[in-house]
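In: With the input below, show me the fold.
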Amino acid sequence: MANLKNGTVVAGSITGDLTGNADTATTIKYTEIVASTNLNSLTTPGLYICSNSNFGSITNKPQIDTANNTSNAFSLRVESTGGGIRQIFYSARTDIPFTCIRNLTGSTWTKWYNITGV
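Out: Predicted coordinates:
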């Protein structure tokens, strides 16, 4: 998240590639998560998205109750923490939206933590 003033970042940072001017970006670039991807392998900072059709074969994702919902699509933001990697998982569910986070330090991932309180 970044705060901009007259096209200049005054607080925070911008992650990923933007097309357009800094005040009104028209496109945020992302990488599609393909079927059978292991989320542990996504360590390059950026924005990733996963379609509902690919969700079932994705490994090392947060524990998700898939009953009675219409979408398991999600986006994943990968950040460098200076000492490791952070993944932030955003569900696209409209019935019970949630966000989870975990960190990689060395070769060890933490468990997923639900940071929405759901």
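
In: pLDDT below threshold where in this structure?
Out: Across the chain, the ranges flagged by pLDDT under 70 are 1-25, 65-70, 117-118.

In: Tell me which residue is most central in it.
Out: By CA atoms, centre = their mean, the mean C-alpha position of the chain lies nearest to Leu76, the distance being 1.7 Å.

In: Hmm, that residue is touching Tyr90, no?
Out: Yes: Leu76 lies in contact with Tyr90 (CB atoms under 8 Å); the separation is 7.4 Å. Yep, even glycine has a C-beta here, placed from its N, CA and C like the rest.

In: Does Ser57 touch Asn38 like I think?
Out: No: using CB under 8 Å, Ser57 is not in contact with Asn38; the gap is 10.0 Å.

In: okay, and the common contacts of the two?
Out: Shared contacts of Ser57 and Asn38 (CB atoms under 8 Å, 6 or more residues apart in numbering): none.

In: For Thr105, which non-adjacent residue is closest in space?
Out: In this structure, Thr105 finds its nearest non-sequential neighbour in Gly84, 4.2 Å apart by CB to CB, 6 or more residues apart in numbering.

In: Need the phi and psi values for that neighbour.
Out: phi 180, psi -150 (degrees, to the nearest 10).

In: I'd like the distance between it and Tyr30.
Out: The gap separating Gly84 from Tyr30 is 22 Å, by CB to CB, to the nearest Å.

In: hmm, back to that, apart from its chain neighbours, what residue comes closest to the residue nearest to the centre of the chain?
Out: With sequence-adjacent residues excluded and distances taken as CB to CB, 6+ apart, Leu76 is closest to Tyr48, at 4.3 Å.

In: Need the residues that contact whichever strand or helix holds that neighbour.
Out: According to DSSP states H and E, Tyr48 maps onto strand 46-50. Outside strand 46-50, the residues that touch it by CB under 8 Å, 6+ apart are 15-16, 28-33, 37, 42, 58, 73-78.

In: Sheet-wise, list the partners of that strand with their directions.
Out: strand 31-32 (parallel), strand 74-80 (antiparallel) (DSSP bridges).
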